[in-house]
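Enquirer: please find the sequence and the predicted model below.
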Amino acid sequence: MTKLHTMVEGAVRMLPSMKSTRIVWATSLGVSLLLFLLPWLVRLDGHPHADWQQFLGRFHPLVVHLPIGLLVLVPLLEVAGLVRPALREAAGFVLALALAGCLVALSLGFLLAYGSGDAGAGVTRHLWGGVVLTVVVLMCLLARPRSYAQGVGYVYPTLLACMLIALVWTADQGGSLTHGGNYLTQYMPAGMKRVFGSGAVPSASFYARHIHPILDANCASCHGEEQAKGGLRMDSYELLMKGGQDGPVIVAGSSAKSVLFQRITLPPDHKQFMPAEGKPPLQSQQIAWIKDWIEQGASPTLTKLVGVTIREELPAVHIEPVGEYSALMPEIQKMEQGQGAKLKQVSANPSDGLILFTVNAAGTFDDAQLAQYQKFAPYIVEAELGRTAVTDASFDTLKQFTHLRALHLEETKVTGVGLPRLASLSQLSYLNLSGTQVTAASAASLNTIKSLRQVYLYNTPAQPAPAAPRATQPKEKNAQ
Amino acid sequence: MKQHPLCTDTENADNVLDLAIPAQVKQEWAELQTRRHFLGRAGKVLGWAAAASLLGHRALHGDNYPAAGAQGGDLLRLPNFAPKAKRAIYLFMSGGPSQVDLWDYKPNLAAQFDKDLPDSVRGSQQLTGMTTGQARFPIAPSHWAFKRYGQSGTWVSDMMPNIGRIVDDLTIIKSTNTEAINHEPAIMLMNTGNMNAGKPCLGSWLAYGLGSMNDNLPTFMVLQTKLNTAENNQPVSSRLWSSGFLSSEYAGVGLRSSGDPVLYLTDPQGVDREVRRKMLDVVNEINRQTYEELGDPETNSRIAQYEMAYRMQSSVPELADLSKEPQSTWDLYGPDAKEPGTFAYNCLMARRLAERGVRFTQVYKRGWDMHDNVTKFLPIICQETDRGCYALITDLKQRGMLDDTLVIWAGEFGRTVYSQGGLTPDNYGRDHHPRCYTTWMAGGGVRPGITYGETDDFSYNVVKDPVTVRDFNATILHCLGIDHNKLTYKFQGLDQKLTGPVPASVVPGLLV
């Protein structure tokens, strides 16, 4: 009873007493009401409106991160304030700033949705999240001065907790809109996916294995359950074939007549190009698959397409970009001026990594020299060690090349004894052991390297050169 | 005495800087003058030379001129993206192979033997002088049968049974088409992206853009196949592997088809390696002084070429020594491969060059120009080339090299479906045909086992997915990690590029 009594008494004490404060509270109430009514007053009708609205609205993703950062900072300041009171004082200012940010971001977000004609469950949820969050932040700001008042100390921390929950939820909804609902879980390790129960068992059809994943990753964030732009949803086969408000987007048998194919093959700067809004265009291979799939009937069940040989029935190895190595660049460049082995960048994009070329030093490049490249180990994605003097001892160095994707050891003294040491290389997909003394037994250990896609054992005891040329068979072999 | 009006009067000529032209043009003009030009003029312009030195090397040659020793690629920041292929081998079928007899299977034509090609198919096309006077254009179906090969079920002529066995590794393009109708402009267009001589060829662009992987061999090598006098040979010339306006270090280096692969590579009697080195050092020093004095970048190219030749004195004999090739090599490439200069030998050499990190090797095979007597000539040349193509692809594949090597097989145009000259049941001739011809690629970056593009019932017009020469070249560059719009060199006021000023596009349907 006493407890209830203090709570009621506390609530009464929370109420405003002075006239100026009353004005503040009344205004806040008005703003909150207005915010709650906003989605009802101006309905998101799914039609695009004025360009200026879109222009301003597109600043929403930019502006929105400011209040997010500030709001996360507030509880931190409050907690840190227990030790250093000055920080606690700052929290009030930060909170007020965050509220202003929330209001701006909310307005811009609304303009974006309204202006570009976004509608759908995802957009609505995100909008409501933004409204609730803003109101909670407002309440936090009102409750804060009284957080020291006796008996009502719990109100402010509770509101802060609610605010954080609303923040995370709203941010997640927003992220799903821009990146797609499976953005966070797409590359979740298979084990984890099983625990979380996501990732349905893929069916064996070409659509399920190759087409749906492309559409899901590139299109479904705008054309899915959450947004359905142009009335089109591409998150399931039936909805995809049904088409959008202007009719079907796929004409089975004719890629030229299929609006979907037309839109993805326009020049990327064309107004109607898809994926829109600066999202990356589909890869050429993906476009080719979609084309073949449509032309051969756009079937949901067909497992194989004529003329489409997908080399890797195994999923492609996910390529991890290498880390930052700009500090080592002077050394790499100096090496390039010399005559010996050298490191070269795979491309202008540093995160594509480095290739180790040894062709200029082939005869003299040995295990000791290879060991000198340890400091570059995590940045080397390809090592061309063919015809060098390296031996099985090289595997001790090579196993530290954590981003190694291709390893050339053709015509070296490697016997394969050390091959199991490569098992830690999770990116290694190409291994050339042609012309070495690798035996079938030691090659068998390669089966433990799950990422391997191509292993070449031409002219080895494991796979001797064929006697008759007419019987020559490709020596490409899948390790699994 | 007054000078003739057409003589350049350097003393009294209008000062460009005083002309009523935009300041930007004046600036560019000033920058394009090399120091040599300044020094070659009268004393009154010596002051400009001083100004030019102040502007420095970069200003003189634009930002993309590589400094001595540096590779163009470093300055252009190439490859633009991670490449699928590190190197390429281009089998150039000079003369114009007949797509009708080799690749573009049209079974319905058999029934149309000696019927006139409908005018609607030919349209208003201008023909060559060789057939434009013909009274009629009788359809000549291929003399040879076709078979389906591989999992892809691709139709290939009986003339190429070995290539048939590798069709699942090939990306066949039936819709290649060109604007040129005669050999020289058409070969120029294929190789340099321009019908007129003087532009750098594909190999030179690659050497300039990507640089070398092996310091001891040229980045770009050319292998000519020995002349077969039984064939109708059109000449090829070094214009095709010229570096054009790029530095001459990027020109293709040819290996001779007989005798020493490179002339004068062996030291003369009494000159040992050490003497050679000392001599080169002195020559280089003199060249360096010349460069300091005149600033002509070609001097640096010359230094680089002398040094390359010195290193080739040991790398080329090793390259040409086939004694360590195992018996399986000869079984694969066939007995012809033992004879230097044959197509099979050049295919084997191309593999060896690829193994040694040579970026670009171009093999030329002449003799495809069959205006008459196709049934006599085609079997000869197919017999010469079929095994080599098969062996090269098979060999690269078994050695794990096809993953990062792009192989290209192409001529400069195709041949007409109608007969040039008399058509008999046993023989016919075919004229040049630019509107469609078949080419193929294989290996790094391209999609194996597909046929791209379609032609009409007469193998005359492309009806689906045309591939122009510039698209073809843009696609090759793409496989090597290059955006064809970014591999440029400023010359004559333009950012010159292989694909030229007309927009070109990479063909996505050909890519992996």
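Expert: Structure's in. What do you need? Numbers count the residues shown, from 1 in each chain, chains lettered A, B, ... in the order given.

Enquirer: after the longest helix seen in chain A, next one along is what?
Expert: Taking DSSP state H as the criterion, chain A has its longest helix at helix A:85-116. Next helix or strand after helix A:85-116 toward the C-terminus (DSSP states H and E): helix A:121-143.

Enquirer: which one is B:Lys86 nearest to, not counting chain neighbours?
Expert: Distances taken as C-beta to C-beta, 6 or more residues apart in numbering or on different chains place B:Asp404 nearest to B:Lys86, at 4.6 Å, with adjacent residues excluded. For every residue, glycine as well, the C-beta is placed using N, CA and C.

Enquirer: tally of neighbours for the one you found?
Expert: Applying other C-beta atoms under 10 Å in any protein chain shown, we find 23 residues neighbouring B:Asp404.

Enquirer: ok so, going back, let me know the angle separating the longest helix of chain A from helix A:121-143.
Expert: 150 degrees (axes from the mean of the first three to the mean of the last three C-alpha atoms, to 10 degrees).

Enquirer: now B:Trp103: closest residue in space that isn't a chain neighbour?
Expert: B:Thr438 (3.9 Å).

Enquirer: so who does the one you found touch?
Expert: The contact partners of B:Thr438, by C-beta atoms under 8 Å, 6 or more residues apart in numbering or on different chains, come to B:97, B:99, B:102-104, B:172-174, B:176, B:414.

Enquirer: same deal with A:Asn360?
Expert: Shown in contact with A:Asn360 (C-beta under 8 Å, 6+ apart): A:339-342, B:214-216.

Enquirer: try A:Val438
Expert: When contacts are counted by C-beta under 8 Å, 6+ apart, A:Val438 touches A:414-416, A:419, A:457, A:460-462.

Enquirer: for A:Thr391, phi and psi?
Expert: Note on A:Thr391: backbone dihedrals following degrees, to the nearest 10 are phi -130, psi -170.

Enquirer: let me fix that: A:Leu232
Expert: phi -100, psi 130.

Enquirer: for the closest residue to it other than its chain neighbours, grab the count of nearby residues.
Expert: The shortest distance from A:Leu232 to any non-neighbouring residue, by C-beta to C-beta, 6+ apart, is to A:Gly244 (3.2 Å). Using other C-beta under 10 Å, A:Gly244 has 19 other residues around it.

Enquirer: related to what we said a few turns ago, among the contacts of B:Thr438, which are in helices?
Expert: B:99, B:102.

Enquirer: re the thing from before, pull up the pairing partners for the helix or strand containing the residue nearest to B:Trp103, direction included.
Expert: Using DSSP H and E, B:Thr438 falls within strand B:437-443. Next to strand B:437-443 in the sheet, as set by DSSP bridges, lie strand B:170-177 (antiparallel), strand B:405-410 (antiparallel).

Enquirer: mean confidence (pLDDT) on stretch A:35-53, please.
Expert: Averaging pLDDT along stretch A:35-53 gives 83.

Enquirer: do stretch B:77-90 as well
Expert: Stretch B:77-90 comes out at a mean pLDDT of 93.

Enquirer: in that stretch, which residues are buried?
Expert: For stretch B:77-90, burial by neighbour count (16 or more other C-beta atoms under 10 Å in any protein chain shown) applies to B:78-80, B:82-90.

Enquirer: put together CSV for these, with secondary structure and distance to B:Gly254 on each row.
Expert: CSV is the format used below for those (DSSP: H, G, I helix; E, B strand; the rest coil; distance: C-beta to C-beta, whole Å):
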residue, secondary structure, distance to B:Gly254
B:Leu78, coil, 25
B:Pro79, coil, 26
B:Asn80, coil, 30
B:Ala82, coil, 32
B:Pro83, coil, 26
B:Lys84, coil, 28
B:Ala85, coil, 23
B:Lys86, coil, 22
B:Arg87, strand, 18
B:Ala88, strand, 17
B:Ile89, strand, 15
B:Tyr90, strand, 14
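
Enquirer: in chain A, what spans have low per-residue confidence?
Expert: Within chain A, the segments meeting pLDDT under 70 span A:1-18, A:148-150, A:180-182, A:185-204, A:278, A:307-315, A:464-480.
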